[in-house]
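Student: Return atomic coordinates for the entry below.
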Amino acid sequence: MGTNCTMATPRVATITASVAAAAIAPTRALRQLMVTPTTRTIVNASTNSTAEASRSRRTASEVITEALREAILRGILKGGQRLGQEELAAQFGVSRLPIREALRQLEAEGFVLSSPHRGVVVSTLTAEEVQEISEIRLALETLALRLTIPHLSEDVLQQADAILSKIDQETDLLGWSELNWQFHKTLYTPANRPRLLTLLKNLYATANRYPLTSYKAQSQQEHRKILEACRHRETETALKILEQHIEATAKMPVAYLKRENSEDASQEIGN
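Tutor: This is a model prediction of the structure:
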């Protein structure tokens, strides 16, 4: 069992001057990860206030997992960056046990890689891997949607619609990504396939490393079309729109990664 930590819901805090535009809301975490220009990770303890008396309690490993995951998703911790257990333990003010538990969870989610020689490093994704994730999502999500449509209640449809309204107002990238998952999760949950839902959650978490800000408007249009088709029990229409939606979300990150890899290769040749 991990050590229990008292959790707060702190306000958005600025990471560093270099990433001020991507202020991090330490989502239910006690500490904020910050990266200096030399990429040395430091942790600032968040302050507690008496107004936060009704806080939930979570284990230290859960707190650390969430903080590290968010830092990776926001690009604060870069691909290939080493995560030393002793350094992290000192920065979070905990023993190495919750650090090990957090890193194991992140490895299971695909955010970090562990090897005997390098230790634990932040993983990177290739264009081919992003494309593969999209193809797996397409197969699993169309299955989930086909299974769930006969069981969708008006209450579930209203919940999904309310989430779309929240997405319209969301300006934070990770907030948008989380609400995007909540929308799909809300639709798929009535299928009563918990293992399928868990697989999809992990795929979404991995895909969220490349949020598509320019795609939000189109994404919302597709979401509402999917929801409308579900409301009228038009299964094949809903599936077709969902397929187009998933394929579209893969195109931009795949193109970006291919371009990035091409530039890296050109630099190596030049050197």
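Student: Gln81 against Val121, yeah?
Tutor: Yes - using CB atoms under 8 Å, Gln81 is in contact with Val121, at 6.4 Å. Glycine gets a C-beta too; all of them are placed from N, C-alpha and C.
Student: Which secondary structure element is home to the most centrally placed residue in the chain?
Tutor: Centroid check for the chain by CA atoms, centre = their mean gives Ala205 as the closest residue, at 3.7 Å. Per DSSP states H and E, Ala205 falls inside helix 194-207.
Student: helix or strand right after that helix?
Tutor: Moving toward the C-terminus from helix 194-207, the next helix or strand (DSSP H and E) is helix 216-231.
Student: Please state the offset of that next one from the chain centre?
Tutor: Here the centre of helix 216-231 is set off from its chain's centre by 21 Å, with CA atoms, centre = their mean, to the nearest Å.
Student: what do you get for stretch 226-242?
Tutor: Relative to its chain's centre, stretch 226-242 lies at 26 Å (CA atoms, centre = their mean).
Student: Let me know whether my guess that Ser114 is in a strand holds.
Tutor: Yes - per DSSP: H, G, I helix; E, B strand; the rest coil, Ser114 lies within a strand segment.
Student: doesn't Leu173 make contact with Glu70?
Tutor: No - at 10.8 Å, Glu70 does not count as touching Leu173 under the criterion of CB under 8 Å.
Student: and Ser266, what pLDDT?
Tutor: At Ser266, the model reports a pLDDT of 44.
Student: just to revisit the earlier point, Glu70 and Leu173: who's more crowded?
Tutor: Glu70 (20 against 17; other CB atoms under 10 Å).
Student: Now do the buried residues in the helix holding Ala205.
Tutor: Leu196, Leu197, Leu200, Leu203, Tyr204, Ala205, Thr206, Ala207 (16 or more other CB atoms under 10 Å).
Student: got the residues you listed as JSON lines, with pLDDT and distance to Thr148 columns?
Tutor: Formatted as JSON lines, the buried residues of helix 194-207 follow (pLDDT from 0 to 100; distance: CB to CB, whole Å):
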{"residue": "Leu196", "pLDDT": "97", "distance to Thr148": "10"}
{"residue": "Leu197", "pLDDT": "97", "distance to Thr148": "10"}
{"residue": "Leu200", "pLDDT": "95", "distance to Thr148": "12"}
{"residue": "Leu203", "pLDDT": "89", "distance to Thr148": "17"}
{"residue": "Tyr204", "pLDDT": "88", "distance to Thr148": "16"}
{"residue": "Ala205", "pLDDT": "83", "distance to Thr148": "21"}
{"residue": "Thr206", "pLDDT": "82", "distance to Thr148": "22"}
{"residue": "Ala207", "pLDDT": "78", "distance to Thr148": "20"}
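Student: Which of those residues sits closest to Ala90?
Tutor: Ala205 (27.1 Å; CB to CB).
Student: Roughly how far does that closest one sit from Arg82?
Tutor: 21 Å (CB to CB, to the nearest Å).
Student: Can you pull the domain assignment for this structure?
Tutor: 4-46+56-122, 127-259 (automatic domain parsing).
Student: Worst mean pLDDT among these?
Tutor: Mean pLDDT is lowest for domain 4-46+56-122 among the domains of the chain, at a mean of 67.
Student: Spit out the contact partners of the residue nearest to the centre of the chain.
Tutor: Arg69, Glu109, Gly110, Phe111 (CB atoms under 8 Å, 6 or more residues apart in numbering).
Student: do His151 as well
Tutor: Pro190, Ala191, Asn192.
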